[in-house]
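Novice: Here you go, sequence then predicted model.
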Amino acid sequence: MRKKIQTVYQKSVAFIALTVFGAYRSFAQSAGGIDQATSEVSSYIDPVANLIIAIGAVVGLIGGVRVYIKWQSGDQDTQKAIMGWFGACLFLILVGVVIRAFFS
């Protein structure tokens with residue numbers, strides 16, 4: 001009876017050791033993939049942030065021209081248009097800055 005308990009104990013210890021070792025090796029392999037993905041995503045951050053800031057600048061220029069045309073024609077909702085275009089331009093520029101700060 002004692003020998004049976006000892007055999008079961010040895011088998012369970014061996015099983016636990018193999019399970020822990022296998023899990024450790026799988027985590028080590030996935031960490032390399034995560035590091036590779038992180039470096040690949042990081043290489044795209046600056047161009048994407050610059051593109052978003054450039055789109056914000058273009059939106060700002062178009063908005064400025066549209067607001068100027070409204071103002072020259074005497075529209076009453078010029079302030080509403082200014083706030084809308086300014087908000088859109090500010091949002092795009094801040095998104096570009098936040099993306100760069102978040103991923104850098």
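Specialist: That came in fine, so what should we check first?
Novice: what are the phi and psi angles of residue 76?
Specialist: Main-chain torsions, residue 76, degrees, to the nearest 10: phi -90, psi -20.
Novice: What's the local residue count around it?
Specialist: 7 (other Cβ atoms under 10 Å). Bear in mind the C-beta positions are built from the backbone N, C-alpha and C, glycine included.
Novice: same deal with residue 70?
Specialist: 17.
Novice: With residue 6 instead?
Specialist: 10.
Novice: Show me what the helix or strand encompassing it is packed up against.
Specialist: Applying DSSP states H and E as the criterion places residue 6 in helix 2-73. Judged by 3 or more Cβ pairs under 8 Å, 6 or more residues apart in numbering; DSSP states H and E, helix 2-73 is in contact with helix 78-103.
Novice: tell me the mean pLDDT for the helix holding residue 6?
Specialist: Averaging pLDDT along helix 2-73 gives 78.
Novice: So what angle separates the directions of it and helix 78-103?
Specialist: 150 degrees (axes from the mean of the first three to the mean of the last three Cα atoms, to 10 degrees).
Novice: So what's the gap between helix 2-73 and the chain middle?
Specialist: 8 Å (Cα atoms, centre = their mean, to the nearest Å).
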